[in-house]
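K.L.:
I need the structure of the sequence given here:
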Amino acid sequence: MATIELVPFFDERYAEIEAYLSFLQNVEEAARQGTPRLRATDAPITTEQKKILNSSFYLQLYNLVEATVLRCLEAVVAAIEEAERRPNELSIGLRTEWVRSIARTHSDLGPDKRLLAALDLCEQLLQQMPIKDFKIEPGGGGNWDDSSIEKLCERVGCGLAISPDVAQAAKRHVRDDLGALKLVKNRRNSLAHGSLSFVDCSDGVTVAELKDLSAAVGDYLREAVGCFVSFIKLEIAEKEAQSEKEGVIAS
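P.N.:
The predicted structure follows:
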């Protein structure tokens, strides 16, 4: 079942974050004893290089955020198709996303292609065919943070219940008057677009701060994944219950 894959996926990706943090911690601890060097070549790891290594962490952490969101949406679609749900069996949020996907309402189409998309939608509704080739458009566009995740969950009908402590840690201002996920998003975008250098990005940032950032982002995403798992199970359970009820009536 699709829900089973979500938690292991997140745990595996988060383990990569922890492995990189461990490496950064080793470099920082070595620097306290003097200039750290590579054993084989005795080449020094300079201050600028350590800053670049630390800045790369923002890219990796943002990758975790975006990958988690996309995998959750893929799991929702996979569960719907696996359960052979029909359009009328979807919640209003998911039905809206299905119409958007099949009718391509948000795509720039010519009249002929738009007509074909509309006919495809009508055919599937008339035949009450099980849903397939469905894709939830994630949006985001490189701007995933706690606010955009909350809006996405509201859009698809997934109840996002983040515990108070985790929500507070995620939204508490870390730097630049930004919470953890927003800071990661902004730093990643600044690095990706070249408006901030890798050396300047992590100037004054310690590994301890990166660990706290990782914990805040990881805890938030972990609970978000749990909400999607519950959402998917609920959607499938409703379908199974409905099918059983129809079977009893038919008999």
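K.L.:
elements contacting the strand or helix carrying Leu73?
P.N.:
Here Leu73 is covered by helix 47-82, with elements defined by DSSP states H and E. For helix 47-82, the packing partners by 3 or more Cβ pairs under 8 Å, 6 or more residues apart in numbering; DSSP states H and E come out as helix 2-32, helix 146-156, helix 180-192, helix 198-201, helix 207-250. Where C-beta positions appear, they are placed from N, C-alpha and C, glycine not excepted.
K.L.:
next, the buried residues of it.
P.N.:
50-51, 53-58, 60-62, 64-66, 68-69, 71-80 (16 or more other Cβ atoms under 10 Å).
K.L.:
could I get the helices and strands packed on helix 47-82 as CSV with mean neighbour count and mean pLDDT?
P.N.:
Listed next are the helices and strands packed on helix 47-82 as CSV, based on neighbours: other Cβ atoms under 10 Å; pLDDT from 0 to 100:
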stretch, mean neighbour count, mean pLDDT
helix 2-32, 14, 90
helix 146-156, 17, 94
helix 180-192, 21, 96
helix 198-201, 16, 96
helix 207-250, 17, 81
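K.L.:
ok, which of these comes nearest Thr96?
P.N.:
Thr96 lies closest to helix 146-156 among these, at 7.9 Å (Cβ to Cβ).
K.L.:
can you give the contact residues for that closest one?
P.N.:
The contact list for helix 146-156, computed with Cβ atoms under 8 Å, 6 or more residues apart in numbering, reads 69, 73, 76, 93-94, 96-97, 136, 138-140, 159-160, 170-171, 179, 181-182, 220, 224, 227.
K.L.:
could you redo the last one with a cut-off of 7 Å?
P.N.:
The contact list for helix 146-156 (Cβ atoms under 7 Å, 6 or more residues apart in numbering) reads 69, 76, 93-94, 97, 136, 140, 160, 170-171, 179, 181, 220, 224.
K.L.:
let's see the helix or strand following it as CSV, backbone CA atoms only.
P.N.:
Downstream of helix 146-156, the next assigned helix or strand under DSSP H and E is helix 164-171. What follows is helix 164-171, C-alpha atoms only, in CSV (Å, rounded to 0.1, in the frame of the first residue of the first chain):
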residue,chain,number,x,y,z
PRO,A,164,2.0,22.8,19.4
ASP,A,165,5.6,22.2,20.3
VAL,A,166,6.6,21.2,16.8
ALA,A,167,4.7,24.0,15.2
GLN,A,168,6.3,26.5,17.6
ALA,A,169,9.8,25.2,16.8
ALA,A,170,9.1,25.4,13.1
LYS,A,171,7.8,29.0,13.2
